[in-house]
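> For reference, the sequence and a predicted model appear below.
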Amino acid sequence: MSSLARFGIVGGGAWGTSLAMAALRAGREVTLWAREAEVVDDINRHQRNSTFLPGMALDPRLKATATIDALVDADAVLLVTPAQVVRDIGAKLSALLPGNVPIVICAKGIEKNSGLLMSEVAAQAMPGRTVAMLSGPTFAEEVARGLPTAITLACSDAAQGEALAQALATPTFRIYWSDDVTGVALGGAVKNVLAIACGIVEGRKLGSNTRAALITRGFAEMMRLGLALGARAETLSGLAGLGDLTLTATSRQSRNMSFGAALGQGGKAAELLASKPQIVEGAYTAAAVVARAAALGVEMPICQAVDAVVNRGAEIGASIEALLARPLRGERDA
């Protein structure tokens, strides 16, 4: 196992930049690769990422590069790209890096074409390599500012997972390790879909009671699918599941919730998505979540309603009425 002194960050968005700041605070040497030349130039010349993290002064020790080969000497790499490109970039990284270098997936979503979790995509794109998942209740700007944050790092190799967590942790960036990679990957994906639903509730001014009910029943959907996929209940009840859902479903800082709120106020999904500079992962994940659940015989009516509104042109009012008209049942029933 390497010393984990040098970290590569793949992705120059808000989350990638914030994780770079966290790693620097932990005493690591950090090189960040960004696709956008203007982001690389802004970081190196001005210690800013005005495109994705405006107004934030960055650590002058942060080095940015437009050449992914510059990460070849990293002891570990954080892959912080949109979920739908994890397969392609992961395969390129795996071909570049020595086989003993762990890659930590920091994307939250399900691959649209295959319906696979990010952990499953990684296993296909990077066969034989140690892969971990990092996920939890985190707004990028707060992590960049060094505000107290707790998150989960999951790795099937328990010793490697603990070593990665110890290397990145600081008093204000607390990392809890786990070996339940499936649970961490699933929680981060489904919470984005449910956050869109909570945003719709906000946009429609349906009240706090409705939002609380939706979070609770949405979490039950997350739990059903997670258990069917082999995740552990305690993982889904922890930071990467319930914790992340609570954060994302209760604040308009969340891209997914703010997108849902705009839908609730009458916006059109395609127009809203085209106007946003950053990816709304839940919009792309909804259909994949529903398809994966259907294949396993798992009922997820809230996620189905979000998919219908976002991807199939369903009218929001009718979708809400259909949810409210569902038969009453025991709370532990589907």
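Received it, and whenever you're ready, just let me know what you need.

> going forward, measure contacts and count neighbours with C-alpha atoms only.
Fine.

> where does the spatially most central residue of the chain fall, helix, sheet strand or coil?
To find the centre residue of the chain, average its C-alpha atoms and take the closest one (C-alpha atoms, centre = their mean): that gives residue 108, at 2.5 Å. With DSSP: H, G, I helix; E, B strand; the rest coil as the basis, the three-state label of residue 108 is coil.

> show me the contacts for it.
For residue 108, the contacting residues are 82-83, 118, 135, 185, 188-189, 281, by C-alpha atoms under 8 Å, 6 or more residues apart in numbering.

> which residues in the chain form strands?
Remark: strands assigned in the chain by DSSP state E are 6-10, 29-33, 63-65, 76-79, 103-105, 131-135, 149-155, 173-178.

> Give me whichever of the ones you listed is most buried.
With neighbours taken as mean count of other C-alpha atoms under 10 Å, those reach their highest mean count in strand 131-135, at a mean of 27.

> name the helices or strands packed onto that strand?
Secondary structure elements in contact with strand 131-135, counted by 3 or more C-alpha pairs under 8 Å, 6 or more residues apart in numbering; DSSP states H and E, are strand 103-105, helix 118-125, strand 149-155, helix 181-203.

> right, so of these, which gets closest to residue 266?
Go through these one by one with C-alpha to C-alpha and the one that ends up closest to residue 266 is helix 181-203, at 8.5 Å.

> mean confidence score for the closest one?
Confidence over helix 181-203, taken as the mean pLDDT, stands at 97.

> With stretch 149-158 instead?
Stretch 149-158 comes out with an average pLDDT of 97.

> chain center to that stretch, what's the gap?
Centroid separation for stretch 149-158 versus its chain: 14 Å, with C-alpha atoms, centre = their mean, to the nearest Å.

> what's it in contact with?
With C-alpha under 8 Å, 6+ apart, stretch 149-158 has contacts from 130-138, 143, 161, 165, 172-181, 184, 239-240.

> For the nearest residue to residue 235 once chain neighbours are set aside, grab the count of nearby residues.
Excluding its sequence neighbours, the residue lying closest to residue 235 (C-alpha to C-alpha, 6 or more residues apart in numbering) is residue 183, at 5.7 Å. Neighbourhood size, residue 183 [other C-alpha atoms under 10 Å]: 31.

> do you know how far residue 183 is from residue 12?
When C-alpha to C-alpha, to the nearest Å is the yardstick, residue 183 and residue 12 sit 26 Å from each other.

> Same question for residue 35.
Per C-alpha to C-alpha, residue 35 is found 7 Å from residue 12.

> quick one: contacts for residue 180?
Each residue near residue 180 by C-alpha under 8 Å, 6+ apart is listed here: 154-156, 231-232, 235.

> Apologies, that question was intended for residue 291.
Counting by C-alpha under 8 Å, 6+ apart, residue 291 touches residue 115.

> Just the pLDDT at it, thanks.
96.

> cool, residue 334 as well?
Looking at residue 334, its pLDDT is 63.

> hmm, back to that, is it possible to export the contacts of residue 180 to TSV including distance to residue 224?
Written out in TSV, the entries for the contacts of residue 180 read as follows (distance: C-alpha to C-alpha, whole Å):
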residue	distance to residue 224
154	20
155	22
156	22
231	10
232	11
235	13
